[in-house]
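In: what's the 3D shape of this:
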Amino acid sequence: MRRLPALLSTLAVGALLWPAPAAPAAAPKPWATVNLCDPAGHPGAMGVRVGVPAGPGSQWIRVRVEWYDARTRGWSLAFGGDGGWSRLGGGRGGVRGGNTFTFPVPAPGKVLLLRGVVEVEWRAGKQVRRKRTIRTSNGHAKSAGGHSWAQCVVPG
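Out: Residues are numbered from 1 along each chain as shown. This is a model prediction of the structure:
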């Protein structure tokens, strides 16, 4: 019986020295960013790039652009700013896609402030298995092809 306490104390010390199992990595989340904003060769254009991780079905996106109304201090869907639903991938791996929209350049002295809102769905046939709505954010330059902004400012 004397061996039992010694064995238990050895196991207790071993448990303190043995590394705890690593926590599972967080599942990747979809992202969206403005990767094109009023370039010289394409005035009034805004591009939204989206990254969608693998999931429980094919990946679908709907990219929309909203403009900021300073009078109401709110965001509204921009006229012509709905890219509709498009299928990006089959769900086995992460995919990227997006849309480019062109808006009229505002009058001199005015500014058009835009942002993207993206609906992401993972579908199995016609059944939606998972969905998320995300707004454009910065910090995705490498994945987006060089540029990454949360919003786009088009000066008049």
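In: other SSEs contacting the one helix or strand W122 maps to?
Out: For W122, the enclosing helix or strand under DSSP states H and E is strand 111-124. On a contact count with 3 or more Cβ pairs under 8 Å, 6 or more residues apart in numbering; DSSP states H and E, strand 111-124 meets strand 31-37, strand 45-52, strand 58-69, strand 74-89, strand 127-135, strand 151-155. All C-beta atoms are positioned from the backbone trio N, CA, C, and that covers glycine.
In: run the last query once more with 7 Å
Out: Contacts defined by 3 or more Cβ pairs under 7 Å, 6 or more residues apart in numbering; DSSP states H and E place strand 111-124 against strand 31-37, strand 45-52, strand 58-69, strand 127-135, strand 151-155.
In: out of these, deepest packed?
Out: Ranked by mean neighbour count under mean count of other Cβ atoms under 10 Å, these are led by strand 45-52, which reaches a mean of 25.
In: of the helices and strands packed on strand 111-124, which is nearest V111?
Out: strand 151-155 (5.5 Å; Cβ to Cβ).
In: how many neighbours does V117 have?
Out: 19 (other Cβ atoms under 10 Å).
In: quick one: it and K126, what's the gap?
Out: 23 Å (Cβ to Cβ, to the nearest Å).
In: now G41
Out: 41 Å.
In: okay then, goodbye and thanks.
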